[in-house]
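Chemist: Here is a sequence with its predicted model. Questions after.
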Amino acid sequence: MARPIKRIRYNPRRHSVGNVGESPGTIDIPAGALKPLITMASYNETDLIEDNKKDIQEVFDQIRKLKDHTHWIRIRGLGDAELIKAIGAHFHINSLVLEDITNIHQRPKFDEYDNYVFLVSRLIHFTEEAELINNQFSALIKGNVILTFEESHEECFEAVNRRLAGGKGIIRKAGPAYMAYALTDTILDRYFVLLARVGDALDDVEDRLYGQDANKDIMYQTQQLKRTLIIVQRASWPERDKINDMIRTDNALISDEVKTYLKDAYDHCIQIMDLIENYKEITSNMLDIYLSMVSNRMNEIMKVLTIISVIFIPLTFVAGIYGMNFSRVDPATNKVMPANMPELYSPHGYVYALAVMFLIAIFQVIFFWKKGWFSKL
Amino acid sequence: MARPIKRIRYNPRRHSVGNVGESPGTIDIPAGALKPLITMASYNETDLIEDNKKDIQEVFDQIRKLKDHTHWIRIRGLGDAELIKAIGAHFHINSLVLEDITNIHQRPKFDEYDNYVFLVSRLIHFTEEAELINNQFSALIKGNVILTFEESHEECFEAVNRRLAGGKGIIRKAGPAYMAYALTDTILDRYFVLLARVGDALDDVEDRLYGQDANKDIMYQTQQLKRTLIIVQRASWPERDKINDMIRTDNALISDEVKTYLKDAYDHCIQIMDLIENYKEITSNMLDIYLSMVSNRMNEIMKVLTIISVIFIPLTFVAGIYGMNFSRVDPATNKVMPANMPELYSPHGYVYALAVMFLIAIFQVIFFWKKGWFSKL
Amino acid sequence: MARPIKRIRYNPRRHSVGNVGESPGTIDIPAGALKPLITMASYNETDLIEDNKKDIQEVFDQIRKLKDHTHWIRIRGLGDAELIKAIGAHFHINSLVLEDITNIHQRPKFDEYDNYVFLVSRLIHFTEEAELINNQFSALIKGNVILTFEESHEECFEAVNRRLAGGKGIIRKAGPAYMAYALTDTILDRYFVLLARVGDALDDVEDRLYGQDANKDIMYQTQQLKRTLIIVQRASWPERDKINDMIRTDNALISDEVKTYLKDAYDHCIQIMDLIENYKEITSNMLDIYLSMVSNRMNEIMKVLTIISVIFIPLTFVAGIYGMNFSRVDPATNKVMPANMPELYSPHGYVYALAVMFLIAIFQVIFFWKKGWFSKL
Amino acid sequence: MARPIKRIRYNPRRHSVGNVGESPGTIDIPAGALKPLITMASYNETDLIEDNKKDIQEVFDQIRKLKDHTHWIRIRGLGDAELIKAIGAHFHINSLVLEDITNIHQRPKFDEYDNYVFLVSRLIHFTEEAELINNQFSALIKGNVILTFEESHEECFEAVNRRLAGGKGIIRKAGPAYMAYALTDTILDRYFVLLARVGDALDDVEDRLYGQDANKDIMYQTQQLKRTLIIVQRASWPERDKINDMIRTDNALISDEVKTYLKDAYDHCIQIMDLIENYKEITSNMLDIYLSMVSNRMNEIMKVLTIISVIFIPLTFVAGIYGMNFSRVDPATNKVMPANMPELYSPHGYVYALAVMFLIAIFQVIFFWKKGWFSKL
Amino acid sequence: MARPIKRIRYNPRRHSVGNVGESPGTIDIPAGALKPLITMASYNETDLIEDNKKDIQEVFDQIRKLKDHTHWIRIRGLGDAELIKAIGAHFHINSLVLEDITNIHQRPKFDEYDNYVFLVSRLIHFTEEAELINNQFSALIKGNVILTFEESHEECFEAVNRRLAGGKGIIRKAGPAYMAYALTDTILDRYFVLLARVGDALDDVEDRLYGQDANKDIMYQTQQLKRTLIIVQRASWPERDKINDMIRTDNALISDEVKTYLKDAYDHCIQIMDLIENYKEITSNMLDIYLSMVSNRMNEIMKVLTIISVIFIPLTFVAGIYGMNFSRVDPATNKVMPANMPELYSPHGYVYALAVMFLIAIFQVIFFWKKGWFSKL
């Protein structure tokens, strides 16, 4: 993994809080929302018209005109409340749903209404700068139309476009619900990509953990990885419920054929959760190992240093002894006092003293070595 | 966040305990309860009468008079047992419900009775002095009347009043159950405000954690935030169940239209719980990081200090050696004893001694540096 | 809280273990059981006869005589197997139930039999000596009779007696099941009293924790509080199930009116469990804070002491240097050796040496202060 | 508790692993299985024939002969595959059941087959050498016959035999299912005995914990107790499910009368699980307290030792100062240098120096005492 | 256990991530997949034809030819997409199933389709080099055919082959579902073998833990064992659900006879999960014990070293005292200053000084010993 992951803030853009008690269903454009880009793909088994639209009215016209086509209308950027309202008015969408489209902190869910359904997913990925993005993806399915809403202008569904253009597979035949499945599955595939990157980073960190350059940065990186995992987990958990709701619904908009594919997506979702669970367990283990390693290295250092001190302390004491000034001669009588430090007046006293110190040092080293205090714990 | 959060006591006002075995349904005014303020709003699609009432009888009169209106009667302050009893008698409310209104430690719940329903929520917010308030809000719905009971005189539902006055939306048409929904949703919105504040505080603490001025106060602040989260969690958990009960009931007082809105409130509740879960996880992580940082800084200090000691210990020993007083001359014979400390009598002994000490110090520094003991762990 | 809580033993009186494989339904008087005191209250809406009985036969006679009354027979003290057997024989009670009455380690439960029901609760409270008592309370309801069995002679249901004597409320009308409810609710009220005391103790401990006199005793007290909470939790958990079983039964002995009251008791039970959960979380937090405080104080002390050592170590080294005895004069030639310790022969050498030491000390203090090592962590 | 518990191995005898992919239903005698002892008790209300059998054919003969009796056939020791096969052939038992009888690592379970049922329990107890034994007990009930299989020759059901011989109670009337209940309940009673012993051991360890002789052995003992609890927990958990399955079955072999007794056994099982939960919590607490005590004692020692060092360090420095050899006389000019160590030439310099040292020591002691560093943390 | 377990990577081969949004049902050969080996066993009660096939067409021919046989077709090695497609085309298998066969990170599952079923298991075992292998095993059952897919060429089901060749048991009669059971049970048996090895390794590590050579390697080994357990747990958890799904299905492909055997496999699965739970608990305990042991040993060393230092510090101080140079004679007046260090001029001053030091040392040793600081904590 080339770049280390950036500091992850859980709450970069918060639910806007200035509107306590506001009437429900109010469309509340998030701060910094982009101007919408409208793309439309109208297709059936034989035909595919794909272009950008200047205006939502063009979209409505095309839907009216091409009655046998499936229409996929992509709104990328949520910065235009009027557009959302126009869509709501044209398709007779409940205002609570419109609110949810722009309230970009929804959990994945599948809501059924009289003749349309509404889905939310989380589009999570790393930017090239290793910043974690957690965008909202929502979709409305009504009749032969699927509207999708994304926060950014970025192209996240290129593969789906390619399959659409290729004209192979059932994508051109199976209607808007299959398109919803295809998009959801692509989102799940992106989770796998993200988790693969997390897995690489974990291997990386683990290699460094068992290697020589284990340092504080490991902890920070592991924390960031853990946070990434928590975010993906909180997105995949309700995603599973959502897909399950879609499988179990008896809504005519979700055909049995699509449900077979959704079961596959469900399996992917379980695999993602499983992988996250695994990775979280590794992360916790790595933090524990790191902390115990730090503590061990610290202990090792302290032990060595303390042993050095202890070896020198008795030696210094002996030197202190022979630094005492007990007088050999009584100054009053000038008589020699033979009991006072006779060692100092022995011809080889100094040599003996050095030898004693050396022996003390050797003895201590052997003692500590015997006790196993030099061995790594 | 301008002010740090005050010390949070879990149990500032306790369930009164002097009345063990008391007859159930006894109305027990909490200590320090405020004198009730009675406000009444009678409204229908075209009409809105909103005023304070001196007396509960005025309220009853108005209900009798305006049969086509929805009546919202707000009792702010629970300090008058007679008032509660009068309401109970007039609406034929079970005495257990009356007891619950004044027993201000109820968990959020939705109780159904023969021809009325009873709801409890927790009104949690910070005061301007950053003190956490956890008040009880309860509501009774019967026929076209909704009675709400709050502990404080503070205006918490201004936004609802504004929507009522505005006359827009379905608030004027959808009856008392919608009003109950509007109030509940406003309460949930206040949770978001509170959690946004907690989020700010967490970011704040985290910045300090990774910054230079990490100190003990971090721990205290984190504890307070954790407690706030626990209190909100314990309020939002049963709130979810309560809203769910309201959605699933087949009671005629809760119309299907209101249930659609309640599903929205349910989503908000789940979001709140999710956010709390996230914040709690961050809080725990921050405590762990803080503790490991403190321990690391402490270890760092101890290590540096120990290394300094260890460098000086052999040097001091060498100085001790040459402070010994082994005699160069045998005092008895006055003969020179050449083995005794010849270094002392060498013309450059002192310089050599200093040089040896210097070399020992250099050697140790290099040794410790090679071992990586100067690097941060 | 005046007295600290006494050491709590989980297992003061154990299930008697000398009778492995014994025939079920054997009445096994617990060691130290008190002699039974028989009290009887026969009441209906207009009438109340309350007195002690010398003999269980008097009780049976009174039941036979007063057919329109509800009879509450209290047996306080379980020390008489014959009494239990006589009751069993008279009311045709299964021997397993009789065994449960004297086997004083039952969990709260509600057992239904052909024409009677059996309830168990735990009567937990502190004695005046701050010792925790965990007694068994059981009750049998059959027809118009409720028999209750308590372990101690202590009066725990005075409030119920007062309500009975007062003649107000539905207590005189609603039969033995209401009496069972009233007693259960009184037991739950006692839990609130107990928890209030625990709450006070927790506040107390917490004040000391943040105060100056934090000491080892905090840990012991917190442990005792935790144990108290565990015991109450283990009693209230099955109590909730028991009350729920009573609410959901279709047994004619529990009337719908009583069930309304039981729902209230159920709410109380949930509140108790909630409070316990809160308190346990506080307790754990306090232990963690205490441990980290102890560790911090210890670290603080060690740091200060180590800094003092380190400041003196270089000074002592300098003093050691100038305590060396390098000879100024070559004893053989009597020539001055100017390289040997010229400082000693400088007129202000001593003053300079002291100044150098002082500067070293100052430098170190500034260095450590700059590094922030004097600040509290 | 006289003997400390022996080291508990979780896995003393392992599932034999040499037969991967072996045909199911293969009877696989466990290593070291004992030779079977066959005992038979044939009884009805009036009659009881109890004796050992040399041969399983004798058993079959007796069953054929005494059609009105209930037959309890005990096989103690599983070392004879032919015997198991003979029983299987005679009673038409599924080979998978026969495999389970000898595969001695079954969890407690209740399996129903066409006209017979199969039960497994775990027989756990301490030997006199304080070794934990975890044997398998299985039983087959078919018609009026109950066959029980035990691993050891030890008599575990003496109390049941005594009740059978006594002829009291319903044991002689209620058929083989009651016998199965009686044996199961005896097994549960043994759990109580075992847990009482664990409880004693825990009290013992706790007394030592708060006493003077807390040492490393506490940790080892607590570990062993914890393991015992885990083993009993893993046995009692499925035991509860098993008894519950027996209560809820509509198999004619388990009569309603027996089910009443099984409910009692179920309660016992819940009590056991509750007790285990309590004990595990105590065990964890004790380990935590022990670890914090060890750490506190260690800290206490280090603190005292460090304070002693620190008190002496400045004193030693002062002594070092006056051990310096700054010359009072300039050797070149023989002039006195009054700035060099005038203290040494003061008439009471020594006394003053000692006094200064004494004051420094006193000051430090007071300072540390004021800071509260001598008080226990 | 001869070899220590190799470092286990959770994620050696990752879900291929280059195909985000790819059309579902695309067969994606895993990197490094082996060339398929096709083996076929066609059998009925009397007949068994077992041979390798060069070509899948030979297989199809044989199926067509032998209509009364059960056909077990083993594909070992997944490296040929065309083969998978040919099988899919011949048996009319959904492309999602074909994708699952080659996507080797499936969790165990049981999927039912119109006239066929699909099963996945994990084949986990240690290689001879103690490396953990986690391969995918999948099976398709349709009519009288079972197709199994394995990743490696290794023979894992020799025992099943032997039973097939032996012709005993029901394996030859009970059709492809029984074969699926037999293979699943063999896989579960391999788990027991693996867990037995883990159990041996745990005993081994535990012996070293309580023995003398406890070192860092213990931690690494325990980590590897823990990871092994996590991997097996994550495989056996869904395996249990899978088997349960097979038991509860009403699909005609799974006969009631096979379901009886599957219940046995279910029990094995529960035993495996139980064993894993046990082992994980032991692993955690061992890590805790190891860490506390390391910490204790470290503390022990530090304590001994500190005690040695402290004993010498006062002695060195005394030596320092008598190393001071207070002048006995006033150099100005040449008068003796009797207060200055009279001890130095006492005839036995040196002896006394040594004696004092000795006494101080003895006193300290006794003091520390009395305090119990020499005893092991």
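Modeler: The structure has been received and is ready for your questions.

Chemist: Which parts of chain A are strands?
Modeler: For chain A, the strands defined by DSSP state E cover A:37-43, A:48-53, A:70-76, A:109-112, A:116-126, A:132-142, A:145-150.

Chemist: Could you point out which of these sits nearest chain C?
Modeler: Closest approach to chain C among those (C-beta to the nearest C-beta): strand A:109-112, 29.0 Å. Heads up, the C-betas are built off the backbone N, CA and C, glycines and all.

Chemist: if we can go back for a sec, turn the strands of chain A into TSV, columns for mean neighbour count, distance to chain E and mean pLDDT.
Modeler: Output for those, formatted as TSV (neighbours: other C-beta atoms under 10 Å in any protein chain shown; distance: least, C-beta to the nearest C-beta, whole Å; pLDDT from 0 to 100):
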stretch	mean neighbour count	distance to chain E	mean pLDDT
strand A:37-43	19	15	94
strand A:48-53	13	16	91
strand A:70-76	22	14	95
strand A:109-112	19	19	92
strand A:116-126	22	10	93
strand A:132-142	21	13	93
strand A:145-150	23	14	96
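
Chemist: Determine which of those approaches residue D:319 most closely.
Modeler: Nearest of these to residue D:319, taken as C-beta to C-beta: strand A:132-142 at 63.6 Å.

Chemist: I'd like to check the angle between the closest one and strand A:70-76, please.
Modeler: Angle of strand A:132-142 versus strand A:70-76, following axes from the mean of the first three to the mean of the last three C-alpha atoms, to 10 degrees, is 150 degrees.

Chemist: Pairing partners for strand A:132-142, with directions?
Modeler: Pairing partners of strand A:132-142, with direction, according to DSSP bridges: strand A:116-126 (antiparallel), strand A:145-150 (antiparallel).

Chemist: Centre of chain A to the edge, which residue is at the far end?
Modeler: Computed with C-alpha atoms, centre = their mean, the residue of chain A farthest from its C-alpha average is residue A:333, at 88.4 Å.

Chemist: Quick check: phi and psi on that residue?
Modeler: Main-chain torsions, residue A:333, degrees, to the nearest 10: phi -100, psi -10.

Chemist: list the contacts for it?
Modeler: Residues counted as contacts of residue A:333 (C-beta atoms under 8 Å, 6 or more residues apart in numbering or on different chains): none.

Chemist: got a list of contacts for stretch A:60-78?
Modeler: A:29-30, A:33-44, A:47, A:49, A:53, A:59, A:83-84, A:87, A:90, A:101-102, A:104, A:144-154, A:175-176, A:179.

Chemist: That one spans what distance, first to last residue?
Modeler: 19 Å (C-alpha to C-alpha, to the nearest Å).

Chemist: Which residue would you name as the spatial centre of chain A?
Modeler: residue A:228 (1.1 Å).

Chemist: my read: it touches residue A:132, true?
Modeler: Yes - using C-beta atoms under 8 Å, residue A:228 is in contact with residue A:132, at 5.8 Å.

Chemist: shaky segments in chain A?
Modeler: For chain A, the stretches flagged by pLDDT under 70 are A:1-22, A:168, A:211-216, A:375-377.

Chemist: Can you tell me which residues in it are near chain C?
Modeler: residue A:323 (C-beta under 8 Å from any C-beta of the partner chain).

Chemist: For chain E, give me its nearest residue in chain A.
Modeler: Sorted by distance to chain E under C-beta to the nearest C-beta, the residues of chain A start with residue A:159, at 2.6 Å.

Chemist: how near is that residue to residue A:171?
Modeler: The gap separating residue A:159 from residue A:171 is 11 Å, by C-beta to C-beta, to the nearest Å.

Chemist: Likewise for residue A:372?
Modeler: Separation of residue A:372 from residue A:171 (C-beta to C-beta) stands at 69 Å.

Chemist: Looking at those two, which one has more neighbours?
Modeler: Neighbours per residue, other C-beta atoms under 10 Å in any protein chain shown: of residue A:372 and residue A:171, the larger number sits with residue A:171, 21 against 13.

Chemist: what sits against that one?
Modeler: Residues counted as contacts of residue A:171 (C-beta under 8 Å, 6+ apart) are A:160, A:163-164, A:178-179, A:182, E:23.

Chemist: what's the farthest-apart pair in those residues?
Modeler: A:179 and E:23 (12.9 Å).

Chemist: neighbour-wise, which of the two wins?
Modeler: Taking neighbours as other C-beta under 10 Å, residue A:179 and residue E:23 compare with residue A:179 leading, 25 against 19.

Chemist: Please name the residues that touch residue A:284.
Modeler: residue A:226.

Chemist: mind listing the helices for chain A?
Modeler: Along chain A, counting by DSSP state H, helices occupy A:56-65, A:81-91, A:95-102, A:158-166, A:175-210, A:216-248, A:256-321, A:349-370.

Chemist: picking up where we left off before, nearest to residue E:308 among the strands of chain A would be which one?
Modeler: Minimum separation from residue E:308 across these (C-beta to C-beta) falls at strand A:132-142, 54.1 Å.

Chemist: And the closest one, how far out from the chain middle?
Modeler: 20 Å (C-alpha atoms, centre = their mean, to the nearest Å).

Chemist: Dump the C-alpha coordinates for that strand into CSV.
Modeler: Extracted in CSV, the C-alpha atoms of strand A:132-142 (Å, rounded to 0.1, in the frame of the first residue of the first chain):
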residue,chain,number,x,y,z
LEU,A,132,-11.8,7.6,3.1
ILE,A,133,-15.0,8.8,1.4
ASN,A,134,-18.4,7.7,2.7
ASN,A,135,-21.0,8.9,0.2
GLN,A,136,-24.7,8.2,0.0
PHE,A,137,-26.2,6.4,-3.0
SER,A,138,-29.9,6.3,-3.3
ALA,A,139,-32.3,4.9,-5.9
LEU,A,140,-35.9,5.2,-6.8
ILE,A,141,-37.6,2.5,-8.9
LYS,A,142,-41.0,3.3,-10.4
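
Chemist: That strand versus helix A:216-248: what angle between them?
Modeler: Here the directions of strand A:132-142 and helix A:216-248 differ by 10 degrees (the same axes, to 10 degrees).

Chemist: Now do strand A:132-142 against helix A:95-102: the angle between them, please.
Modeler: Taking the same axes, to 10 degrees, strand A:132-142 and helix A:95-102 form an angle of 150 degrees between their directions.

Chemist: Can you tell me the closest non-neighbouring residue to the residue of the stretch 101-250 of chain A found nearest chain D?
Modeler: Relative to chain D, the nearest point of the stretch 101-250 of chain A is residue A:219 (23.5 Å; C-beta to the nearest C-beta). In space, and not counting its chain neighbours, residue A:219 is closest to residue A:290: 6.1 Å by C-beta to C-beta, 6 or more residues apart in numbering or on different chains.

Chemist: Isn't that neighbour up against residue A:217?
Modeler: No - using C-beta under 8 Å, residue A:290 makes no contact with residue A:217, being 10.5 Å away.

Chemist: dump the residue contacts of the residue in chain A positioned nearest to chain C.
Modeler: Using C-beta to the nearest C-beta, the single residue of chain A nearest to chain C is residue A:323, 6.7 Å away. By C-beta under 8 Å, 6+ apart, the contact list for residue A:323 reads B:320, B:323-325, C:323, D:323, E:319-320, E:323.

Chemist: what do you get if the cut-off is 10 Å, keeping everything else the same?
Modeler: Each residue near residue A:323 by C-beta atoms under 10 Å, 6 or more residues apart in numbering or on different chains is listed here: A:316, B:319-326, C:320, C:323-325, D:320, D:323, E:319-320, E:322-324.

Chemist: swap in residue A:163?
Modeler: A:157, A:169-172, A:182, A:186, E:21-23.

Chemist: let's see 6 Å
Modeler: Residues counted as contacts of residue A:163 (C-beta atoms under 6 Å, 6 or more residues apart in numbering or on different chains) are A:169, A:171, E:23.
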